[in-house]
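Novice: Need a 3D model of the following:
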Amino acid sequence: MTPRLRLIAQSLAVLVAIIAVVIAPGQLELFTLMQFTLFAAMAVLSLSLAFIWGFGGILSFGQTAFFGLGGYVYAISAINFQDSTQGIMLALFIPAVFSALLGYFVFYGRISDVYLGVITLTVTLILFNAINSTSGDEYHIGTAMLGGFNGIPAVPTFNMPFDPSSPLSPEQSWWVTGGALIAVYLLLRLILASPFGRVVVAVRENEVRASLLGYDPRLIKLVTFVIGGAIAGLAGALYVNWGAFVGPTIFSLSLSAEIIIWITIGGLGTLLGPIIGCILIEYAVAAIGSQQTLNSNLVLGAVLIFFVLLLPKGLVPTVRDLLLRLVPKIEPRSANPAQEPSVQPVGAK
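Specialist: Now for the predicted structure:
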């Protein structure tokens, strides 16, 4: 597939997604719409790890640290300000700052990839235990009680910008969450198409070669890590807006493992794959949870083993490779007239 055809296909896919987000409230029941709002919020979380792992080569086992931090920051800010606008901005800013501090010590300390995974996992456990131990009345930030293992209930949901008197309806919350998913996808596409995005991929492929070309792999990885942390924080705010509640389970290790499963099933090194993997797995978990015959964790494990053994590339790369085999290759016409075969008139010498 030529770059032009690829661009046309991607543009059509984005256009279809925008139309689907716009018309969904009129086509779906409220319960189903709320379910898809949750799926879209979690898909934003999947994009945060898909970017730093699939394109930056940074495997973070603790992406829920930034996800949970964004959720708690939004809840505390929304309660204190009684306005979601500041909460959303802080849910982006605070996880980005936290990931910058953590990433600075990790990447400039030249810690290997294996220890990076351990460190991010440990940070998640620390945050989980720290939040879980704040059940007393003395643990509060402003008027927001942290609540310990009970979490923070009755969190104000999204409202119109700087207008707390106009909270969003479930349909409007869906438009905001679905729009955020499309916006994050397009933003990451633009980043990857930029010179910085090409350097990110180059550092993933060969750090030594990238450094010999004059780039600092530590700085590139740090910026990539910060972008992923900010996106995860935004996903945390979207998740809290969906449920109007946040608790320590937002830092759970099971969710950290699920994010990796989403990306593995959808396809590492893609942006569309993790979104599809997230929605499929979340829908399957919700369907399995409505009955008592099968255990959702057992099904997830079986699905992961199936994809690792039989479809190691994931859904999107496998389907893409299949389509490329089925569609005949169109050779571009040569732009150099000298390379075109010449036809001489009869009798010409």
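
Novice: Just the C-alphas of stretch 243-256, formatted as PDB.
Specialist: C-alpha atoms of stretch 243-256 as PDB (Å, rounded to 0.1, in the frame of the first residue of the first chain):
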ATOM      1  CA  GLY A 243     -18.200   6.600  37.700                       C
ATOM      2  CA  ALA A 244     -18.200   9.700  39.900                       C
ATOM      3  CA  PHE A 245     -15.900   7.700  42.300                       C
ATOM      4  CA  VAL A 246     -12.300   6.900  42.700                       C
ATOM      5  CA  GLY A 247     -10.600   4.400  45.100                       C
ATOM      6  CA  PRO A 248      -7.300   2.700  45.700                       C
ATOM      7  CA  THR A 249      -8.200  -0.100  43.200                       C
ATOM      8  CA  ILE A 250      -7.400   2.400  40.400                       C
ATOM      9  CA  PHE A 251      -3.800   1.600  41.100                       C
ATOM     10  CA  SER A 252      -4.400  -2.200  41.000                       C
ATOM     11  CA  LEU A 253      -1.800  -4.500  39.500                       C
ATOM     12  CA  SER A 254      -4.500  -6.500  37.700                       C
ATOM     13  CA  LEU A 255      -5.300  -3.400  35.600                       C
ATOM     14  CA  SER A 256      -1.600  -2.900  34.800                       C
END
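
Novice: Quick check: buried residues in it?
Specialist: By 16 or more other Cβ atoms under 10 Å, the buried positions in stretch 243-256 come out as 243, 245, 246, 247, 248, 250, 251, 255, 256. All C-beta atoms are positioned from the backbone trio N, CA, C, and that covers glycine.

Novice: Among the residues you listed, find me the one that's closest to residue 153.
Specialist: Closest to residue 153 out of those is residue 245 (5.3 Å), distances taken as Cβ to Cβ.

Novice: and the residue nearest to the closest one when sequence neighbours are not counted, what are its phi and psi?
Specialist: Nearest residue to residue 245, sequence neighbours excluded (Cβ to Cβ, 6 or more residues apart in numbering): residue 153, at 5.3 Å. Dihedral angles of residue 153 (phi, psi; degrees, to the nearest 10) stand at phi -90, psi 170.

Novice: That's all I had, so thanks and see you.
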